[in-house]
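> for reference, the sequence and a predicted model appear below.
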Amino acid sequence: MKVILDSTQTVIEIVVDGRVVPARVWEGHTEEGTPVVAWITRVSPQTHDPDVAATFGRELHETARPSLAMPAGPIPLRFIL
């Protein structure tokens, strides 16, 4: 499965292994067009090239306003990796 995601301005707190951590909300869709929401706690560029890492850092700060379609309720456990 491929998912295309866009970062939003929304940062929430989630509990991971008993610890509260910040997670940015990302919205997007699968190749087939199914809308998805992801709560990302960490993103790291896999490169040693400082120019690529700097570009990644600038792009990471580009955010959009979240859509109104974001679910507000609990996430079903079957969707958690």
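Cool, got the structure.
> how about the helices in this protein?
Secondary structure of the chain (DSSP state H): helices at 50-60.
> so where's it shaky on pLDDT?
Residue ranges of the chain with pLDDT under 70: 68-81.
> in it, which strand is the longest?
strand 3-16 (DSSP state E).
> now that strand against helix 50-60, angle please.
If you take axes from the mean of the first three to the mean of the last three C-alpha atoms, to 10 degrees, strand 3-16 sits at 80 degrees to helix 50-60.
> could you report the neighbour count for the spatially closest residue to Val43 that is not a sequence neighbour?
Among residues not flanking Val43 along the chain, Leu60 sits closest, at 6.5 Å (C-beta to C-beta, 6 or more residues apart in numbering). No exception for glycine: its C-beta is placed from N, CA and C like everyone else's. Leu60 has 12 neighbouring residues, counting by other C-beta atoms under 10 Å.
> from the chain's centre, how far out does stretch 16-31 sit?
Remark: stretch 16-31 is offset 5 Å from the chain centroid, using C-alpha atoms, centre = their mean, to the nearest Å.
> could I get the buried residue list for it?
Using 16 or more other C-beta atoms under 10 Å as the test for burial, stretch 16-31 gives 23-27.
> now those in a markdown table, with distance to Lys2?
Formatted as a markdown table, the buried residues of stretch 16-31 follow (distance: C-beta to C-beta, whole Å):
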| residue | distance to Lys2 |
| --- | --- |
| Ala23 | 21 |
| Arg24 | 20 |
| Val25 | 20 |
| Trp26 | 14 |
| Glu27 | 15 |
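> from the contact counts, what lies against the longest strand of the chain?
Helices and strands touching strand 3-16, by 3 or more C-beta pairs under 8 Å, 6 or more residues apart in numbering; DSSP states H and E, are strand 19-30, strand 35-40.
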